[in-house]
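> Sequence and predicted structure are below.
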Amino acid sequence: MAVVTVKSTQITNRDATPRTINNPSFTAGSLKMFVATAEAANGDSIASKYIMGQIPSNAAGEIVKLYCDAITSGAADIGIYRTTVDGGAVVDVDFYASAQSIASAITTGTEVQHEADATDSGAGFGLADLEKPLWQRLGLSADPGVMYDIVLTLTAATTAAGTIGLRVLYTDG
C-alpha cells in the first residue's frame, strides 16, 4: 500500500504552470434548472411522448430527477430530442434512462441520469462523462450551440392516469 495525493482535473489545471483555464461549467458555472409536469392518461400507448423541457447543448453535470403518481403500468425512455421548433427529431431516445418504470408513485424523486449507462453503448452520463458537456456525450465533434428537448417516450402503455414530473439541474458554460 502507498499513501498518494491525487488531484482532480480542476486542481491539476489550477496548479499548472502556466495555469490552464478550467471549463466554467465545472468550476464556477451557474446552476440552472427546469421543473415540468405532464399528464398521462389511461391508455397512452407505447411511443407516446411527453416533452418536458429544454437544455442547451453545452449543459454539464445534469441531475435528472423523475417524479410520478402511481400510473399502475407504464415505463418510459428519457432522452434527448431536437426541439419541437427544430423538427423534434430524436437524438438519443434513452440518453438518460431506458424503460424507467412509472408504474409506482415516485414522490421524493428518483435520479435517472445514469440509469441508461448499463445498457447504452457508451452514450449517456457515466462516471467517465462527469467532466464532459452534453454535446461531447452525444458524440459530437463540436458544440452546435443549440437547445435540446428532454422527452419521456413510453416503452410500456399506461393503464391509469397520473402526473409525471421532471426536475433537471445543470450548469452551462
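Yes, it's here.

> From the contact counts, what lies against the helix or strand harbouring Met33?
Per DSSP states H and E: Met33 is located in strand 30-40. The contact analysis (3 or more Cβ pairs under 8 Å, 6 or more residues apart in numbering; DSSP states H and E) places strand 30-40 against strand 49-56, strand 162-172. (C-beta placed from N, C-alpha, C; glycine too.)

> What is the burial count for Gly88?
13 (other Cβ atoms under 10 Å).

> got the phi/psi numbers for it?
Phi and psi for Gly88, reported as degrees, to the nearest 10, are phi 70, psi 20.

> And stretch 140-153, how far out from the chain middle?
Relative to the centre of its chain, stretch 140-153 is centred 10 Å away, using Cα atoms, centre = their mean, to the nearest Å.

> In that stretch, which residues are buried?
Under the neighbour-count criterion of 16 or more other Cβ atoms under 10 Å, stretch 140-153 has Tyr148, Asp149, Ile150, Val151, Leu152, Thr153 buried.

> and the second one, what are its bridge partners?
Read that as Asp149. Gln54, Tyr81 (DSSP bridges).

> what does the last one give?
Using DSSP bridges, the beta-bridge partners of Thr153 come out as Lys49, Asp77.

> How about the contacts made by it?
Ala47, Ser48, Lys49, Tyr50, Ala76, Asp77, Gly79, Val93 (Cβ atoms under 8 Å, 6 or more residues apart in numbering).

> What degree of burial does the third one show, as a neighbour count?
Going back to what we said before, that points to Lys49. So Lys49, with other Cβ under 10 Å, has 19 neighbours.

> ranges for the helices of the protein?
Using DSSP state H, the helices of the chain run over 9-15, 24-27, 134-137.

> for the last one, the distance to its chain's centre please.
It refers to helix 134-137. 11 Å.

> Now rank the contacts of Thr153 by neighbours and give me the top one.
Result: Ala76 is most packed of the contacts of Thr153 (other Cβ under 10 Å), 31 neighbours.

> gap between that residue and Gly43?
Separation of Ala76 from Gly43 (Cβ to Cβ, to the nearest Å) stands at 15 Å.

> any idea which of the buried residues of stretch 140-153 is closest to Ala99?
Distance ranking of those against Ala99, using Cβ to Cβ, places Thr153 first at 10.0 Å.

> and stretch 11-23, C-alpha only, in PDB?
Provided in PDB are the C-alpha atoms of stretch 11-23 (Å, rounded to 0.1, in the frame of the first residue of the first chain):
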ATOM      1  CA  ILE A  11      -7.000  21.200  -9.300                       C
ATOM      2  CA  THR A  12      -4.300  20.000 -11.800                       C
ATOM      3  CA  ASN A  13      -5.300  22.800 -14.100                       C
ATOM      4  CA  ARG A  14      -5.200  25.300 -11.300                       C
ATOM      5  CA  ASP A  15      -1.700  24.200 -10.100                       C
ATOM      6  CA  ALA A  16      -0.200  24.000 -13.700                       C
ATOM      7  CA  THR A  17       2.400  26.500 -14.800                       C
ATOM      8  CA  PRO A  18       1.200  28.300 -16.700                       C
ATOM      9  CA  ARG A  19      -2.300  27.800 -15.300                       C
ATOM     10  CA  THR A  20      -4.800  26.100 -17.500                       C
ATOM     11  CA  ILE A  21      -8.300  27.600 -17.600                       C
ATOM     12  CA  ASN A  22     -11.000  25.200 -16.400                       C
ATOM     13  CA  ASN A  23     -14.300  24.900 -18.100                       C
END
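
> Understood, closing this out.
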